[in-house]
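*Asks:* Sequence first, predicted coordinates after that:
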Amino acid sequence: MRFSIWPSPMRPWDEIVELTQHCEQTGWDGVYFADHFMPNAADTTPLDGDTLECWSVLAGLSAATSRLRLAPLVTSVTYRHPAVLANIAAAVDNISHGRLLLGIGAGWQENEHAAYGLELGSVKERLDRFEEATQILVSLLREQRTTLDGKYFQVKDAPNQPPPVQQPIPILIGGGGEKRTMRIAARYADEWNSWTDPATLAHKVGVLHKHCADLGRDPSDIKVSTQALLYLGTDESWLASKRETGGVVGTPNEVVDIIGQYAKAGADEFIVPDFTMGSMPRRKETCDLFIEQVAPAFR
C-alpha cells in the first residue's frame, strides 16, 4: 500500500517544500496538491485567503524532490483548456523525470468560478465537458497528433511536444458520482480517487467494478486511492477531543486498524492531508509517527 502527503495550499511555499522534502527523506511515496484559487464558500461569495496555485507548486516540487510521485488532487478542466493542461502536464512530467500523476475532475467550487468568470454550468454540463476534456487529454498525452470537434472543445491536428517522459502518463480521475464520473473513470482512468470512509469506499469500489464490467475493462487496471482527515497521536486526552470530529482518529494501533479497513475495502493508496496537523514540528512528528508505526503494517 502506498502512502502520500497532501500539504495545504494555504501554507507558505517554504513550509510546503520543507514538509514534502521531509516526507521524501522518511519513506513516503507521493505528494498531492489541491488545485484551487481561494477558500471555499457556501455560495458564490469570493473569499480572501492565501492559496498557492497548484501547477506552479508541482513544478517547484518536481525540482525540489527526486523520488516522490507528484499529483494535483484534482485539477478541474474548467480552469484550463485541456490542450493547455496537456502541455503543462507534459512539462511537469519532464521536469520531474517521469513522476507526475495527472489528477483531473469536472469542477465544483462555485465561488472561484463566479469570481474569475469561469463557466461551471449544471452537473450534466460539467460532466459532458469533463468527458470531452478527458478524451483530449488522453490523446494529447499519448498520441502524436489530436483532433476533436466537440461541443465544448475543438482541437485540430494538435501536437504536444515534447511528450511526457512516461508512456503512457497515468491519469487519475477524482469524484464519487456513481452514474457519470465513475463510469468516465472506468473508461479512461489509471487511478480513481474520492474522499471516503471504509464502508463508503467498499461500496464505491463495487460501483467502479460494475462500470468496468459493462465497458469490458479489467478493474485491476485501475488503482484506488482515498483520503481522510487524520488525528494521530499518543496523548489520550488530546485524542478524546477529536474522536467525534470524523476522519481517521486514534493511536498508532487504532489507526493501523482503520487503514486496514480501507485496504480491505480496496484502497491501494492512502493520502494524508496535513490540514489538521498544526505547527511544522507537529506536522513532522505526526508524519513520522504514521510512517514509522502505521505504514509498516501494509508494506
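*Replies:* Right, received. Where do you want to start?
*Asks:* any idea how far the residue of the chain positioned farthest from its centre is from V249?
*Replies:* Most distant from the centre of the chain: S237, at 32.5 Å, with distances by CA atoms, centre = their mean. S237 sits 13 Å away from V249, going by CB to CB, to the nearest Å. (C-beta placed from N, C-alpha, C; glycine too.)
*Asks:* worst-scoring helix or strand of this structure, pLDDT-wise?
*Replies:* The weakest-scoring helix or strand in the chain, judged by mean pLDDT, DSSP states H and E, is helix 236-240 (a mean of 94).
*Asks:* Test my guess that L141 contacts A86.
*Replies:* Yes - assessed by CB atoms under 8 Å, L141 is found in contact with A86 at 5.5 Å.
*Asks:* residues bridging contact with those two, i.e. touching both?
*Replies:* N160 (CB atoms under 8 Å, 6 or more residues apart in numbering).
*Asks:* Tell me where the protein has strands.
*Replies:* 2-6, 30-33, 69-72, 75-76, 102-105, 146-149, 154-158, 171-174, 191-195, 223-227, 230-232, 248-250, 269-273 (DSSP state E).
*Asks:* out of those strands, which comes closest to D288?
*Replies:* strand 230-232 (10.3 Å; CB to CB).
*Asks:* Now for P164, how many residues are close by?
*Replies:* 23 (other CB atoms under 10 Å).
*Asks:* Can you tell me how far L85 is from R145?
*Replies:* For L85, the distance to R145 - CB to CB - is 17 Å.
*Asks:* The two: which is more packed in?
*Replies:* Under the criterion of other CB under 10 Å, the comparison of L85 against R145 puts L85 first, with 23 against 12.
*Asks:* could you list every residue that touches that one?
*Replies:* T75, V77, I104, A133, L137.
*Asks:* please redo it, this time with the cut-off set to 10 Å
*Replies:* 55, 72, 75-77, 79, 102, 104, 133, 136-137, 140-141 (CB atoms under 10 Å, 6 or more residues apart in numbering).
*Asks:* Could you measure from it over to G117?
*Replies:* Distance from L85 to G117, by CB to CB: 18 Å.
*Asks:* A263 now?
*Replies:* For A263 relative to G117 (CB to CB), the value is 43 Å.
*Asks:* Look at these two and report which has more neighbours.
*Replies:* Shown here are A263 and G117; by other CB under 10 Å, A263 has more neighbours (16 against 6).
*Asks:* pretty sure the more buried one is touching P198, no?
*Replies:* Yes - applying CB atoms under 10 Å as the test, A263 and P198 come out as touching, 8.9 Å apart.
*Asks:* max-length helix in the chain?
*Replies:* Identified as the longest helix of the chain according to DSSP state H is helix 123-142.
*Asks:* C-alpha coordinates for that helix, PDB please?
*Replies:* What follows is helix 123-142 as a C-alpha-only set of coordinates in PDB (Å, rounded to 0.1, in the frame of the first residue of the first chain):
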ATOM      1  CA  VAL A 123     -23.900  19.000 -13.300                       C
ATOM      2  CA  LYS A 124     -24.700  17.500 -16.700                       C
ATOM      3  CA  GLU A 125     -22.800  20.300 -18.500                       C
ATOM      4  CA  ARG A 126     -19.800  19.800 -16.200                       C
ATOM      5  CA  LEU A 127     -19.700  16.100 -16.900                       C
ATOM      6  CA  ASP A 128     -20.200  16.400 -20.600                       C
ATOM      7  CA  ARG A 129     -17.400  19.000 -20.700                       C
ATOM      8  CA  PHE A 130     -15.300  16.700 -18.500                       C
ATOM      9  CA  GLU A 131     -15.700  13.700 -20.700                       C
ATOM     10  CA  GLU A 132     -14.700  15.800 -23.800                       C
ATOM     11  CA  ALA A 133     -11.700  17.200 -22.000                       C
ATOM     12  CA  THR A 134     -10.600  13.800 -20.800                       C
ATOM     13  CA  GLN A 135     -10.600  12.500 -24.400                       C
ATOM     14  CA  ILE A 136      -8.400  15.300 -25.500                       C
ATOM     15  CA  LEU A 137      -6.000  15.000 -22.600                       C
ATOM     16  CA  VAL A 138      -5.600  11.200 -23.100                       C
ATOM     17  CA  SER A 139      -4.900  11.700 -26.800                       C
ATOM     18  CA  LEU A 140      -2.600  14.700 -26.500                       C
ATOM     19  CA  LEU A 141      -0.500  12.900 -23.800                       C
ATOM     20  CA  ARG A 142      -0.300   9.600 -25.700                       C
END
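*Asks:* All set, thanks.
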